[in-house]
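*Asks:* Take a look and give me a structure for this.
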Amino acid sequence: MKMFPAIFLGLAAAASLLMGLAGTAQAEAVGPSRQALMQKDVDLPSPKVRTNVIRVTFPAGAVTPLHTHPGPGPRYVLKGKLKVVDGGETKLYTAGDVFWETGHEMTVENAAGDESQLVIFEMAPRE
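*Replies:* Next comes the predicted model:
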């Protein structure tokens, strides 16, 4: 009979330890986090739109000619620093920045000393 309390205490200690480990495992099992980078209301150019997701790599010193894209949309700078002149307005964007490209005439210049990268999310009329 005297062994019962000792066994009970041992089992209780083991259960407590296992529950603590399970709690630690649950605390470490973290789900994904979300961060809104941009929100914008958009009037689409057509009821039927083709979306394009394009990665653009700019070597050091690269400058695009004056150009337009078939559709506006958000742009996400992955790496480096870009000087963007869009519709006559000049802005500087760095890695992690998101901006809205209007679809007006524009140029992009790599303002970093190294390669820069940009992801274009484009919404263009479907042909």
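*Asks:* Report how many residues lie close to residue 112.
*Replies:* By other C-beta atoms under 10 Å, the residues close to residue 112 number 17. C-beta here means a position set from N, CA and C on the backbone, and glycine is covered the same way.
*Asks:* Apologies, that question was intended for residue 122.
*Replies:* 19.
*Asks:* Residue 77 is in contact with residue 97, isn't it?
*Replies:* Yes - at 4.8 Å, residue 77 counts as touching residue 97 under the criterion of C-beta atoms under 8 Å.
*Asks:* Report the contact partners of residue 64.
*Replies:* Residue 64 makes contacts with 106-109, as judged by C-beta atoms under 8 Å, 6 or more residues apart in numbering.
*Asks:* With residue 76 instead?
*Replies:* By C-beta under 8 Å, 6+ apart, the contact set of residue 76 is 37, 97-98, 118-119, 121.
*Asks:* What about these, which one has the most neighbours?
*Replies:* residue 118 (24 neighbours).
*Asks:* Just give the nearest non-adjacent residue to that one, would you?
*Replies:* Distances taken as C-beta to C-beta, 6 or more residues apart in numbering put residue 56 closest to residue 118, at 4.8 Å, once the chain neighbours are dropped.
*Asks:* The one you found belongs to a helix?
*Replies:* No - assigned with DSSP: H, G, I helix; E, B strand; the rest coil, residue 56 falls outside any helix and is strand.
*Asks:* how about it, what does it touch?
*Replies:* Here residue 56 is in contact with 117-120 (C-beta under 8 Å, 6+ apart).
*Asks:* Look up how far residue 90 lies from it.
*Replies:* 19 Å (C-beta to C-beta, to the nearest Å).
*Asks:* what's across from the closest residue in space to residue 45 that isn't next to it in sequence in the sheet?
*Replies:* Nearest non-adjacent residue to residue 45, counting by C-beta to C-beta, 6+ apart: residue 125, 4.9 Å away. Residue 125 forms beta bridges with residue 49, as assigned by DSSP bridges.
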